[in-house]
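[1] Pasting the sequence and the predicted model now:
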Amino acid sequence: MAMEFYELRKSGKDIDFVAREIDVLNLINMYPERVKHLWGDLGICPFEFEIWKSICLFDYDYLKQNAIEMENYLVISKDKLLFMKTLGIKKDKYLNDVKLIVESIFKEQNPKFKEIIMHNEKLLENINGVTYIERSLPEP
C-alpha cells in the first residue's frame, strides 16, 4: 500500500507488512497453520494480507529507517521502497513501480533545480579557465 500512500498507483490485492520478530512469532503462535517460509523469509498470513519478519531478508529494523510515522503503523520511506522494488525488477510489475517512483523523485527535485543551478554557477565564479567537457540543461 506504500505505492498508494505516495499517490503513485492504486494498491493491488497483495498487501505485505513487515513486523518486529516478536510480533511475528506471537502471530505464528496464534495461527500456526498459516505460516509462510519463502527463501529464508518467515511470514504469517492470518487474514487476506501477509505479515513478514523480513522481505528479501531485510527486516523491520532495516526497513523502518526514515519511515513515515502514522498513528498505528509506519510507511516505508520512498528510497527504501525504491530499493525493495528494484530487488524484484525482473517482474514487469516491479519494473513499472520503479519507473513510477523514479519519476516521482524527479518531480520532487524539479523545484530545487534553479536554486541548485545558481549555487553551482556561484561556486565557479572565481575559478578562471573552467572548461566544460560536457554540459546540458533540461528543456524548460
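    Happy to help now that I have it. Residues are numbered from 1 along each chain as shown.
[2] Can you report how many residues neighbour residue 9?
    11 (other Cβ atoms under 10 Å). Every residue, glycine included, has its C-beta placed from N, CA and C.
[3] what's the answer for residue 26, then?
    13.
[4] With residue 92 instead?
    8.
[5] How much space separates it from residue 98?
    Noted for residue 92: a distance of 11 Å to residue 98, by Cβ to Cβ, to the nearest Å.
[6] do the same with residue 127
    From residue 127 to residue 98 the distance is 38 Å (Cβ to Cβ).
[7] Could you do residue 59 as well?
    If you go by Cβ to Cβ, the gap between residue 59 and residue 98 works out to 22 Å.
[8] picking up where we left off before, neighbour count: residue 127 and residue 98, which is higher?
    Neighbours per residue, other Cβ under 10 Å: of residue 127 and residue 98, the larger number sits with residue 98, 18 against 7.
[9] I'd guess the more buried one is in a strand, am I close?
    No. Read with DSSP: H, G, I helix; E, B strand; the rest coil, residue 98 is helix and lies in no strand.
[10] Only alpha carbons, please: show the lowest-mean-pLDDT helix or strand in the chain as PDB.
    Least confident helix or strand, the chain: helix 113-124 with a mean of 89, by mean pLDDT, DSSP states H and E. Extracted in PDB, the C-alpha atoms of helix 113-124 (Å, rounded to 0.1, in the frame of the first residue of the first chain):
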ATOM      1  CA  PHE A 113      16.600  23.000 -10.000                       C
ATOM      2  CA  LYS A 114      17.000  26.800 -10.400                       C
ATOM      3  CA  GLU A 115      18.400  27.100  -6.800                       C
ATOM      4  CA  ILE A 116      21.000  24.400  -7.400                       C
ATOM      5  CA  ILE A 117      22.000  25.800 -10.800                       C
ATOM      6  CA  MET A 118      22.500  29.200  -9.400                       C
ATOM      7  CA  HIS A 119      24.500  27.800  -6.400                       C
ATOM      8  CA  ASN A 120      26.700  25.800  -8.800                       C
ATOM      9  CA  GLU A 121      27.300  28.800 -11.000                       C
ATOM     10  CA  LYS A 122      28.300  30.900  -8.000                       C
ATOM     11  CA  LEU A 123      30.800  28.200  -6.900                       C
ATOM     12  CA  LEU A 124      32.500  28.500 -10.300                       C
END
